[in-house]
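> Okay, structure incoming, though there's no sequence with it:
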């Protein structure tokens, strides 16, 4: 980890060498301890954000060597020693495993990790990325048992209670601060790690107001394990190009690109006002800065946090794992459509994989298709929610796991489960997504993707593996929605996402962001791009919250005016165009926030079936949208 400046010695430390380890175990073996007993049906241990779990690195030879939990002697466990083809380590990341705490770290962030062993520490573990220096300067991760933190740390209970509340409500209006004021906070986001969740932000804390600067601003993460037993706090130094290079004395600034800091007046009240205004501008610019604009890359720090697994052993020795099995799921997409349309790869930045593992007792509550179809993929992958109209499926989110690189690994109580997989896809760039350049484009912004049906499996003690294959027939909804911007039609999103078959027909409300108003109208084009048939029962817009329907004299208006099962049918490679005139209440508006409300479903067309199917519609025959590409339709 890059050091901002070297501080005082931190006392005796235990080195974990990442460069040339003296002892290495295969990636399939857990670290030196066994996770604590599983408190419920599952304990999440998904793969870290790298493509494959990195090779484990034990302590250097100058310290006691950690023994793998399943190892009765000093030799490797038979399952690891005899595996002819263990999962290869990711060359980009190295792994730290110590006392049940593990994580993957990119070498850019550092090649050594130390454990503080100060006798007066109340933490379970304190890991630092340099032998000397404060956490703010060199980076560190601290793990506390929640109960002792509540009871022994002043105001510790307030920190834990506030964090628990934020996790339950997914709020981001507060951030943990122990006996300090938050002078600046930007880039606040919720993150999940392997067996817990928390919040991260770029923050500057202190008692006295100072101009935002790279010596004082840090990356912080605060989280709790899913079982509520451990609190984790991570702090890392981070620089931003628009911040002053030094704390407290702007005249010593050496960063010519920093926001100019005005000279402070002698009046303390005026000076405080000036500093607050300066820091508010710094917050605005930090929030707008891309991840790669920070040093180190903000995404690398997020990946480290996501890879955390906090599963300490009990004081009496390794916790028993009887009745617990490890499940590995590989998602295998064998189609071509998403490769052609979205440049699909397992490691693609625009692809997010998910695995659904539902206990047998809950499997009859909803099909995998309905669960995956209820998820709002427009949030970050760490903050999945159900769409407002699908809140009845919110219970299933606790069974949905992220599978970076198409791979998931978890620990579950032995028993019968139903397993399914999915991926969400988005265009690689914002322009292709039809969003303004200042929009944050997460994988799944458009919601395009594919999902499988359930597979019934038995999870027994030890290793269990399953591969879930997906083809283009498993793909989610077309048609695609295009919006006219005055010159051409831009691809914006899909509609009727994952609403496959008449039995699943329902109403979907899809926000599509800001839309250009052209000659007082909004013009949409719906294009069916896959080998399937779409049935639209009702269609209207919400424009700045105002309901907007097609004029009764508009062709096809009667077809989509109400839910009466008189469907507008759109076949493969066909399209329909709709023009909505704005009411007087929106006269003069040039751009407006729009949501598309549509009722209906789609049905994959059987290869052997004739083009006309389900419902006869003369408008359907012989129609075509004209030339179109994967990103733009010509007018």
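Now that the structure is in, tell me what you want to look at. Keep in mind that what you see is a predicted model, and the values were worked out from it rather than measured.
> and the next element down the chain from the helix or strand residue 569 falls within?
Mapping residue 569 onto the secondary structure by DSSP states H and E places it in strand 568-570. From strand 568-570 onward toward the C-terminus, using DSSP H and E, the following helix or strand is strand 574-581.
> strands paired with that next one, and their directions?
Under the criterion DSSP bridges, strand 574-581 sits next to strand 521-528 (antiparallel) in its sheet.
> Do you have the strands of the stretch 151-300 of the chain handy? List them.
Across the stretch 151-300 of the chain, reading from the start of the chain, the strands by DSSP state E, counting those that start in this stretch fall at 181-193, 196-206, 218-225, 230-237.
> Show me which positions of the longest one end up buried.
Going back to what we said before, that points to strand 181-193. Of the residues in strand 181-193, 183-188, 190-193 count as buried by neighbour count, 16 or more other C-beta atoms under 10 Å. (Glycine included, C-beta is placed from N, CA and C.)
> do the same with stretch 237-255
237-240, 242-247, 250, 253, 255.
> what does stretch 486-494 give?
489-494.
> Over to stretch 281-297?
Residues of stretch 281-297 classed as buried under the neighbour-count rule (16+ other C-beta under 10 Å) are 282-283, 285-286, 289, 294, 296-297.
> hmm, back to that, among the buried residues of strand 181-193, give me the pair with the biggest separation.
In the buried residues of strand 181-193, two members sit farther apart than any others by C-beta to C-beta. They are 183 and 192, at 27.8 Å.
> Contact partners for residue 479?
Contacts of residue 479 were listed using C-beta atoms under 8 Å, 6 or more residues apart in numbering, and they are 494-496, 526-529, 534, 570, 575, 602.
> switch the cut-off to 7 Å
For residue 479, the set of contacting residues under the criterion of C-beta atoms under 7 Å, 6 or more residues apart in numbering consists of 495, 526-529, 534, 570.
> If we only consider those residues, which is nearest to residue 503?
Proximity of the contacts of residue 479 to residue 503 was ranked by C-beta to C-beta; the top entry is residue 534 with 15.7 Å.
> Assumed that closest one was part of a helix.
No - with DSSP: H, G, I helix; E, B strand; the rest coil as the criterion, residue 534 is assigned strand and is not in a helix.
> what about it, how many neighbours?
Neighbour count of residue 534, defined by other C-beta atoms under 10 Å: 27.
> what is it paired to in the beta sheet?
Taking DSSP bridges, one obtains residue 570, residue 602 as the residues bridged to residue 534.
> And it, how far from residue 598?
In this view, residue 534 and residue 598 are 10 Å apart by C-beta to C-beta, to the nearest Å.
> Identify the contacts common to the two.
Counting by C-beta under 7 Å, 6+ apart, the common neighbours of residue 534 and residue 598 are residue 496.
> Backbone dihedrals for the nearest residue to residue 471 once chain neighbours are set aside, please?
Residue nearest to residue 471 in three dimensions, not counting chain neighbours: residue 335, with 4.7 Å by C-beta to C-beta, 6 or more residues apart in numbering. The phi/psi pair for residue 335 (degrees, to the nearest 10) reads phi -90, psi -180.
> just checking, residue 335 touches residue 449?
No - counting by C-beta atoms under 7 Å, residue 335 sits too far from residue 449 to count as a contact (11.2 Å).
> Specify which residue of those two has the higher count of neighbours.
Counted by other C-beta under 10 Å, residue 335 and residue 449 do not tie: residue 449 has more neighbours, with 30 against 16.
> what mean pLDDT does the helix or strand where the more buried one lies have?
Assessed by DSSP H and E, residue 449 sits inside strand 448-451. Within the predicted structure, the mean pLDDT of strand 448-451 is 86.
> List the contacts of it.
Contacting residues not belonging to strand 448-451 are listed as 333, 338, 342, 368-369, 372, 420, 422-425, 470, 474-476, 494, 498 [C-beta under 7 Å, 6+ apart].
> So which of the residues you listed are in helices?
Applying DSSP state H to the contacts of strand 448-451, the entries found in helices are 338, 342, 368-369, 372.
> And these, which of them are buried?
When burial is judged by neighbour count using 16+ other C-beta under 10 Å, the buried members of those are 338, 342, 368-369, 372.
> Format the residues you listed as TSV; extra columns: distance to residue 388 and pLDDT.
Conversion of those to TSV gives the following (distance: C-beta to C-beta, whole Å; pLDDT from 0 to 100):
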residue	distance to residue 388	pLDDT
338	27	86
342	26	81
368	21	93
369	19	85
372	17	90
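> what's the most distant pair in those?
Taking C-beta to C-beta, no two of those sit farther apart than 342 and 368, at 21.6 Å.
> since we're on residue 137, how many residues are nearby?
Residues lying near residue 137 (other C-beta under 10 Å) number 23.
> Just after the helix or strand hosting it, pick out the following helix or strand.
With the criterion set as DSSP H and E, the secondary-structure element containing residue 137 is helix 135-138. Past helix 135-138, heading to the C-terminal end, the next element that is a helix or strand (DSSP H and E) is strand 140-145.
> just the angle between that next one and strand 230-237, please?
Angular relation of strand 140-145 and strand 230-237 on a 0 to 180 degree scale: 170 degrees, by axes from the mean of the first three to the mean of the last three C-alpha atoms, to 10 degrees.
> who does strand 140-145 touch, helix- and strand-wise?
Under the contact criterion of 3 or more C-beta pairs under 7 Å, 6 or more residues apart in numbering; DSSP states H and E, the helices and strands touching strand 140-145 comprise strand 125-128, strand 230-237.
> Give the pairing partners of the first one; include direction for each.
Within its sheet, strand 125-128 is paired with strand 112-116 (antiparallel), strand 140-145 (antiparallel), according to DSSP bridges.
> which of the ones you listed has the lowest average pLDDT?
Mean pLDDT per stretch puts strand 112-116 lowest among the strands paired with strand 125-128, at a mean of 77.
> How far away from the center of its chain is it?
Its chain's C-alpha centre and that of strand 112-116 lie 28 Å apart, by C-alpha atoms, centre = their mean, to the nearest Å.
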